[in-house]
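A.B. asks: Build the 3D model from these lines:
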Amino acid sequence: MASTDSTTTVDKDGNDLAGLEAGLDALETRQTSRTPFRQTLTEKILPPVLAVALVLAVWQALVSFKVVDDPTKLPAPSAVWDVVHQAWLQGELLGYIWTSVSRGLLGFCFALVIGTPLGLLVARVKFIRAAIGPILSGLQSLPSVAWVPPAVIWLGLNNSMMYAVILLGAVPSIANGLVSGVDQVPPLFLRAGRTLGATGLKGTWHIVLPAALPGYVAGLKQGWAFSWRSLMAAEIIASFPDLGVGLGQLLENGRNASDMAMVFEAILLILVVGIAIDLLIFSPLERWVLRSRGLLVK
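C.D. replies: Next up is the predicted model:
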């Protein structure tokens with residue numbers, strides 16, 4: 001009787017293990033399967049396309065039904081497209097975009113180099129955190145446009161002024177994002193790292209930074225947003241012929257000329273560049289971090 005019960009228990013455990021293995025195999029198969037194009041089309045492509053189409057339809061309706069009958073206040077979408085097309089034919093459109101994007105990305109790289117070690121120091125050294133932690137939080141809430149007048153006075157109307165405004169806008173966000181990520185690292189990870197000999201810089205590189213990646217990436221994303229907004233504020237306020245015409249300067253030129261089509265052209269280009277940078281750089285980085293932690297099925 002005891003032998004029969006033992007055999008039954010073994011068979012039950014064997015069936016449970018077989019079921020568990022089958023479940024794990026199913027999960028692995030689901031993760032490696034390719035998403036059908038129809039699903040990608042309906043879930044990722046169609047929603048933004050429909051949203052843009054809806055905005056354009058409402059915009060055109062406001063013009064067609066003369067809800068706003070003054071073209072100097074609200075031009076038709078076709079008028080804005082004509083301005084964009086004309087700038088493209090004249091070879092100026094890419095110049096506007098490149099002037100701003102090159103400044104924004106270079107300034108963001110400078111902010112990354114400064115903000116990352118600063119964030120680590122604030123997160124790991126209690127005295128530094130008590131001294132400058134509140135200052136970083138205050139700087140992050142300060143509007144970027146507030147830095148443009150002092151930067152012009154200190155550095156003059158040049159690219160150095162632009163980069164200074166970008167740094168002052170982006171560094172606090174990057175540093176605070178890393179501090180937030182480090183604060184969320186489980187203490188067990190740090191104890192396990194010390195047990196394995198990962199202390200000092202080695203522990204920071206192999207334990208702290210990988211564990212803090214979600215908060216750090218969120219800080220980078222916010223830092224880019226602050227970089228882009230800071231740059232636009234600097235280009236709008238501090239216009240000078242030697243600086244070239246970026247998207248912010250294009251927006252200011254449209255305002256000075258009372259040309260709403262040009263104003264909308266600049267706004268749309270600023271929006272498109274911001275979305276493109278997010279889709280090409282930060283969204284893939286964010287997906288990689290989530291996928292590496294098993295939080296996103298491939």
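A.B. asks: now the end-to-end length of stretch 204-222.
C.D. replies: 23 Å (CA to CA, to the nearest Å).
A.B. asks: and it, what's its mean pLDDT?
C.D. replies: In this model, stretch 204-222 has a mean pLDDT of 84.
A.B. asks: buried set for it?
C.D. replies: Residues of stretch 204-222 classed as buried by neighbour count (16 or more other CB atoms under 10 Å): 204, 207-209, 211-222. No exception for glycine: its C-beta is placed from N, CA and C like everyone else's.
A.B. asks: Now for the residues you listed: which two are most distant?
C.D. replies: Across the buried residues of stretch 204-222, the longest distance by CB to CB is 24.2 Å; it joins 207 and 222.
A.B. asks: what ranges of the stretch 1-150 of the chain fall below the confidence cut-off?
C.D. replies: Residues of the stretch 1-150 of the chain meeting the criterion pLDDT under 70: 1-35, 37, 41.
A.B. asks: What ranges does it have for its helices?
C.D. replies: Taking DSSP state H, counting those that start in this stretch, the helices of the stretch 1-150 of the chain run over residues 2-32, 37-40, 46-64, 77-89, 93-124, 126-141, 148-155.
A.B. asks: Pick the most buried one from these.
C.D. replies: Mean neighbours per residue, mean count of other CB atoms under 10 Å, is largest over these for helix 93-124, with a mean of 19.
A.B. asks: Report all helices and strands that it contacts.
C.D. replies: helix 77-89, helix 126-141, helix 159-183, helix 213-237, helix 247-256, helix 260-277 (3 or more CB pairs under 8 Å, 6 or more residues apart in numbering; DSSP states H and E).
A.B. asks: Once you drop chain neighbours, what's closest to the residue nearest the centre of the chain?
C.D. replies: Nearest to the geometric centre of the chain sits residue 221, at 2.9 Å (CA atoms, centre = their mean). Distances taken as CB to CB, 6 or more residues apart in numbering put residue 282 closest to residue 221, at 4.7 Å, once the chain neighbours are dropped.
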